[in-house]
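Trainee: Give me coordinates for this.
(one chain, ligands or ions: 1)
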Amino acid sequence: MEVPGRATGAEAPWKQLSAEELENQYCPSRWVIRRGAEETLKMYTHLGDKATKKVRATRKSLLHVPYGDGEGEKLDIYFPGEVAAEGLPFCLFLHGGYWQSGSKDMSAFMVEPLTARGVAVVVVAYDIAPKGTLDQMIDQVTRSIAFVQRKYPCNEGLYLCGHSAGAHLAAMMLLANWTKHGVTPNLKGFHGTAGFFLVSGIYDLEPIVHTTQNAPLLLTPEDARRNSPQLLLEAALARPSGPACRVLVTVGQHDSPEFHRQSREFFQTLCRGGWDASFEEIPDVDHFEIIWSLTQQDFVLTQMILSTILREL
Ligand SMILES: N[C@@H](CC(=O)c1ccccc1NC=O)C(=O)O
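Mentor: Model prediction:
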């Protein structure tokens with residue numbers, strides 16, 4: 001199938017935007033529709049806190065489990081039943097916040113509906129900026145996945161879900177070199193049982209370098225290129241790819257046009273690379289509602305995630 005995309009070498013569309021418009025496009029809270037920007041950000045924190053407190057009180061969990069020696073290298077594991085069983089599908093969640101805000105302690109959004117259907121959920125912490133650099137965050141996420149695979153070798157598949165900056169970190173895992181970690185996570189779908197859920201993500205970091213979001217990140221254009229899954233996947237197209245697993249790329253209807261463009265282009269590049277990718281624009285939600293609605297069993301994205309995981313068992 002011929003997948004349309006931008007011709008290689010054509011100028012990236014964001015380069016035609018004014019500094020002010022670029023800032024606007026990459027500030028998700030400016031695109032919310034049902035409430036003000038500040039109220040939305042407050043509500044996001046509040047709902048994340050509330051969901052996390054609730055599942056910590058009601059679900060069997062292992063909290064603050066170290067996956068490395070660093071102070072920030074911890075993860076929380078939530079189980080469907082009474083015991084810390086291991087023959088389960090595990091969904092790892094990477095929170096957003098432009099690599100400079102958010103934490104695992106306010107990000108257990110999807111835990112209740114997934115554990116209710118027999119899926120274990122792991123919420124991963126990583127060192128946000130300015131403490132961590134992007135390269136360190138990517139290394140931490142890689143090690144957290146290797147850790148879960150090692151701890152639960154009989155898992156029924158590892159699924160990776162990330163939101164916004166977390167979707168970027170998740171997408172980088174499509175390109176991870178697992179051999180140096182001494183373990184192959186069940187992400188590659190040995191049994192056809194694994195996949196990626198990328199929610200309102202950023203896949204080309206170069207535009208970020210030119211916005212105020214870069215102040216704590218201090219990304220150079222070279223850092224941005226080295227850590228952009230969009231560019232890395234385009235470069236990998238020339239090489240034979242390994243076994244491809246499923247990747248669901250989603251964006252909220254009310255995400256900014258640049259977020260839409262990034263998701264669509266990443267999806268197209270995945271298709272060209274032979275990945276089993278699909279693209280869904282989730283109706284009637286903004287950048288924040290798309291993730292806090294995952295607390296609801298009947299939300300369309302919760303249903304897509306559950307049906308992907310459960311259908312393949
Ligand atoms: N300062 C940003 C916040 C933001 O981008 C954000 C906040 C929470 C979760 C994800 C976010 N975006 C990407 O990682 C804004 O005002 O939209």
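Trainee: Would you list the phi and psi of the spatially closest residue to K60 that is not a sequence neighbour?
Mentor: Nearest residue to K60, sequence neighbours excluded (CB to CB, 6 or more residues apart in numbering): F79, at 4.3 Å. For glycine as for every other residue, the C-beta is placed from the backbone atoms N, C-alpha and C. With angles defined as degrees, to the nearest 10, F79 sits at phi -110, psi 150.
Trainee: Quick one: neighbours of F79, just the number.
Mentor: A total of 21 residues lie near F79 under the criterion other CB atoms under 10 Å.
Trainee: Over to P153?
Mentor: 10.
Trainee: And E20, by the same measure?
Mentor: Neighbour count of E20, defined by other CB under 10 Å: 8.
Trainee: which stretch of helix or strand covers it?
Mentor: Assigning secondary structure by DSSP states H and E places E20 in helix 19-25.
Trainee: Which residues belonging to that helix are considered buried?
Mentor: 22-25 (16 or more other CB atoms under 10 Å).
Trainee: residues making contact with that helix?
Mentor: 14, 17, 30, 207, 210-212, 256-259 (CB atoms under 8 Å, 6 or more residues apart in numbering).
Trainee: what distance separates it from the middle of the whole chain?
Mentor: Once both centres are worked out by CA atoms, centre = their mean, to the nearest Å, helix 19-25 turns out to sit 23 Å from its chain's centre.
Trainee: Repeat that for stretch 108-128.
Mentor: 12 Å.
Trainee: Then stretch 266-275?
Mentor: For stretch 266-275, the distance to the chain centre is 17 Å (CA atoms, centre = their mean).
Trainee: Quick check: mean pLDDT of that stretch?
Mentor: Here stretch 266-275 scores 92 as its mean pLDDT.
Trainee: Ok, stretch 231-246 next?
Mentor: Taken as a whole, stretch 231-246 has an average pLDDT of 77.
Trainee: Ends of it, what's the gap?
Mentor: Counting by CA to CA, to the nearest Å, you get 20 Å between the two ends of stretch 231-246.
Trainee: With stretch 118-133 instead?
Mentor: 35 Å.
Trainee: Now do the buried residues in that stretch.
Mentor: 118-129, 132-133.
Trainee: Could I get the CA-only coordinates of stretch 37-53 as CSV?
Mentor: What follows is stretch 37-53, C-alpha atoms only, in CSV (Å, rounded to 0.1, in the frame of the first residue of the first chain):
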residue,chain,number,x,y,z
ALA,A,37,-6.2,26.5,30.7
GLU,A,38,-5.4,26.9,34.4
GLU,A,39,-8.5,25.1,35.5
THR,A,40,-7.7,22.2,33.1
LEU,A,41,-4.2,21.8,34.5
LYS,A,42,-5.5,21.9,38.0
MET,A,43,-8.2,19.3,37.2
TYR,A,44,-5.6,17.1,35.5
THR,A,45,-3.5,17.1,38.7
HIS,A,46,-6.6,16.6,40.9
LEU,A,47,-8.0,13.7,38.9
GLY,A,48,-4.6,12.0,38.7
ASP,A,49,-4.1,12.3,42.5
LYS,A,50,-7.6,11.1,43.2
ALA,A,51,-7.3,8.0,40.8
THR,A,52,-3.9,7.2,42.3
LYS,A,53,-5.1,7.4,45.9
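Trainee: distance between it and the chain's centre?
Mentor: On CA atoms, centre = their mean, the centre of stretch 37-53 falls 18 Å from that of its chain.
Trainee: what do you get for stretch 165-176?
Mentor: Using CA atoms, centre = their mean, the offset of stretch 165-176 from its chain centre is 7 Å.
Trainee: Contacts only, for V209.
Mentor: 219-221, 224.
Trainee: re earlier: out of the buried residues of stretch 118-133, which comes closest to the ligand?
Mentor: Closest to the ligand out of the buried residues of stretch 118-133 is I128 (10.2 Å), distances taken as CB to the nearest ligand atom.
Trainee: Find me the pLDDT at that closest one, would you?
Mentor: Per-residue confidence (pLDDT) for I128: 98.
Trainee: Is it in a helix, a strand, or coil?
Mentor: Here I128 is coil, with the state taken from DSSP: H, G, I helix; E, B strand; the rest coil.
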